[in-house]
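A.B. asks: okay, sequence plus prediction incoming.
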Amino acid sequence: GGHLNNAAAQRNNETVHETLAILKEKIDDYLLEEENMKIILIKDLKGKGKKGDIIEVAAGYGNNLVRNNTAILASPENMQKLEEEKNQAMLREAELVQQMKELKEKIESQYHVRCLTICADVSDVDQVNIMVSEIEEKMGGVDVLINNAAVDLSNLFHLKNAEEFKRTLDVNVVGAFNCSKRVYKHMLDQEYGRIINISSTNGINTYYPMCIDYDASKAALISMTHNLAAEFGPYINVNCVAPGFIGTDNELDGYDEEFLKEETEKIMVKRYGKPEEVAYLVRFLISDEANFINNSIIRIDGGQMGSC
């Protein structure tokens, strides 16, 4: 009797392990993240230009499709939910690819430059290596790096968990480290380079506990700026831009008029910023006119007076 019970228990254990293995594989498939979109603007088609003409612009995308704060059981209902999340992720991925295609065409037609778009998770060092290797092969290297990829998994503090916190740091901080480490040798070899880290006033004097992980990541970028500037001088200028409340589509989405009014009242110029105003500052920092600006943290917030 004991032998039969042991055999049955073993079969049950094997079944459980097989089920968990299949479930884990499915969950891994559904943990799709569109973290980063890269657009590389380089010299005009005639090959004119000088060092510094290569510009890298990064736009961050983050979608956590499966949260780790609840147990997922192998029930038909949960498997159906995972399937729906997978379909949503595939749809978002298709939309991202289309957005990249449209942006590439717009850049090429409006600025008459070649443009290369690459999807990569900057928190994954292997993907970063593949991305930069492709850039080097097709474009000749990165002269200017703008670390702008980020995720913001805002949630009420008591609902936050360590996995989300780690994911935010992985993309926002480790991602900037991975990209900087991969491109700096090319910059040093040619004795020219620019690295711009996009931080936030959230890392300086605006505090929202529901963004505690995001705020910590942006403060870390400020520290990283000082360290990279010290490491890469005198040939690579490393600066940091800290925007305040900027009226991007993602920033304004979901906010009601009352909240927007409250935030605007905290800004001395009584309005939120425009995305192009941040771009103008970045464009200046990578120009020859900014050769003597290094190791600086530059706020662009309209005179934001903080959140407390």
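C.D. replies: That came through fine.
A.B. asks: for the protein, which helix is longest?
C.D. replies: If you go by DSSP state H, the chain has its longest helix at helix 76-111.
A.B. asks: quick one: buried residues of the very next helix or strand once past that helix?
C.D. replies: Next helix or strand after helix 76-111 toward the C-terminus (DSSP states H and E): strand 113-119. Buried residues in strand 113-119, counted by 16 or more other C-beta atoms under 10 Å: 113-116, 118-119. (Glycine included, C-beta is placed from N, CA and C.)
A.B. asks: now those residues as CSV including distance to residue 153?
C.D. replies: Listed next are the buried residues of strand 113-119 as CSV, based on distance: C-beta to C-beta, whole Å:
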residue, distance to residue 153
113, 34
114, 35
115, 30
116, 29
118, 24
119, 20
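A.B. asks: next, the angle strand 113-119 makes with the longest helix of the chain.
C.D. replies: Between helix 76-111 and strand 113-119, the angle comes out at 170 degrees (axes from the mean of the first three to the mean of the last three C-alpha atoms, to 10 degrees).
A.B. asks: burial count for the residue lying closest to residue 248 once chain neighbours are set aside?
C.D. replies: Nearest residue to residue 248 in three dimensions, chain neighbours excluded: residue 275, at 5.3 Å (C-beta to C-beta, 6 or more residues apart in numbering). For residue 275, the neighbour count with other C-beta atoms under 10 Å is 13.
A.B. asks: measure residue 275 to residue 249 for me?
C.D. replies: Separation of residue 275 from residue 249 (C-beta to C-beta, to the nearest Å): 9 Å.
A.B. asks: next: residue 296.
C.D. replies: Distance, residue 296 to residue 249, by C-beta to C-beta: 29 Å.
A.B. asks: same check, this time on residue 177
C.D. replies: 28 Å.
A.B. asks: the two: who's more crowded?
C.D. replies: Between residue 177 and residue 249, residue 177 has the larger neighbour count (other C-beta under 10 Å), namely 19 against 7.
A.B. asks: wait, a strand at that one?
C.D. replies: No. When classified by DSSP: H, G, I helix; E, B strand; the rest coil, residue 177 is found to be helix rather than part of a strand.
A.B. asks: ok, it touching residue 225?
C.D. replies: No. Here residue 177 does not reach residue 225: they are 11.6 Å apart, not a contact under C-beta atoms under 8 Å.
A.B. asks: which regions of the protein sit below the pLDDT cut-off?
C.D. replies: 1-79, 254, 306-308 (pLDDT under 70).
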